[in-house]
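1. Fold the following.
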Amino acid sequence: MSDSSLPQRASRRRKSLLRGALMLNGASVVVTALLFVLLLSLVAAPMGLNAPGARMALWARLALWPALLLFGMVVGVMAMRGRTQAFNPIEDPESRGQRVCQRVLANSVEQSAIFIPALAALVATLPQPSLGAAVVATGLFVLGRLLFWAGYLVHPFARAPGMAMTLTVNLIVLGWAVLLQLGGMQPG
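-> Numbering: from 1, shown residues only. The predicted structure follows:
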């Protein structure tokens, strides 16, 4: 085997992995959208939430779950730091697991910064019969973040399903909230 064939094989392998990750992402988007629609028919809308204060109380109860997940991720980073004894993040070498947990936490903060305000806008404007969508979106968002974390620990490409699920939920919630704000869509 020549030295020039090694880079070519590595390039083909990388392209194959990237193609697989893209296909997995696409499948994850479709599955998430279908799951969202299916769960909408199974989850009843919370009742008695016509007053703005009651809707914001619902939003606060739903926003608690992403906040708890972020807290768990912070604890995970701390535990990993203690396990590897990399107490000084500037000078101590960090393990792969610690770097992964830090990246998962950072990405989850970014995704939550989109999801939580968009969820508030959705809860504030959805007609009463459609409020179950907020519950479904929150559950799928949290599930997506957990899948992202678990997948990332396995391999960077294995984070694709969780990332695609999170992106799909954020697009649904954000898009629906924008359409409601513009008056271009009447759900329910």
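2. which strands and helices sit next to the lowest-mean-pLDDT helix or strand in the chain?
-> Lowest by mean pLDDT, DSSP states H and E among the helices and strands of the chain is helix 5-42, with a mean of 84. Here helix 5-42 touches helix 132-154, helix 160-182, going by 3 or more C-beta pairs under 8 Å, 6 or more residues apart in numbering; DSSP states H and E. Where C-beta positions appear, they are placed from N, C-alpha and C, glycine not excepted.
3. which residue sits closest to the residue nearest the centre of the chain in space, ignoring its chain neighbours?
-> In the chain, the residue lying closest to the centroid (C-alpha atoms, centre = their mean) is T166, at 3.0 Å. The shortest distance from T166 to any residue other than its chain neighbours is 3.8 Å, reached at G144 (C-beta to C-beta, 6 or more residues apart in numbering).
4. ok, that neighbour - how many residues close by?
-> 25 (other C-beta atoms under 10 Å).
5. Next, the contact list for it, please.
-> Contacts for G144 were tallied using C-beta atoms under 8 Å, 6 or more residues apart in numbering; they are 32, 162-166, 168-169.
6. Recalculate using a threshold of 6 Å.
-> Neighbouring residues of G144 by C-beta atoms under 6 Å, 6 or more residues apart in numbering: 162, 165-166.
7. which of these lies closest to P129?
-> Nearest to P129 among those, counting by C-beta to C-beta, is M165 at 25.2 Å.
8. can you tell me how far the closest one sits from Q8?
-> Counting by C-beta to C-beta, to the nearest Å, the gap from M165 to Q8 is 35 Å.
9. now V123
-> Taking C-beta to C-beta, one finds V123 at 53 Å from Q8.
10. More neighbours: those two, which one.
-> Neighbour totals were compared for V123 and Q8, and V123 leads with 29 against 10 (other C-beta under 10 Å).
11. Look up the closest residue to the more buried one, ignoring the ones flanking it.
-> Spatial nearest neighbour of V123, chain neighbours left out: W59 (4.3 Å); criterion: C-beta to C-beta, 6+ apart.
12. and the one you found, what element?
-> For W59, the host element (DSSP states H and E) is helix 52-84.
13. could you list every residue that touches S108?
-> 70, 73, 145.
14. Excluding chain neighbours, what is closest to it?
-> Using C-beta to C-beta, 6+ apart, the closest residue to S108 is R145 (5.3 Å).
15. And the helix holding W59, what does it pack against?
-> helix 96-125, helix 132-154 (3 or more C-beta pairs under 6 Å, 6 or more residues apart in numbering; DSSP states H and E).
16. and the angle from the longest one to helix 132-154?
-> Translated: helix 96-125. Inter-element angle recorded for helix 96-125 and helix 132-154: 170 degrees (by axes from the mean of the first three to the mean of the last three C-alpha atoms, to 10 degrees).
17. Pull out the buried residues from helix 96-125.
-> Burial within helix 96-125, assessed by neighbour count using 16 or more other C-beta atoms under 10 Å, is assigned to 97-98, 100-105, 107-108, 111-112, 114-116, 118-123, 125.
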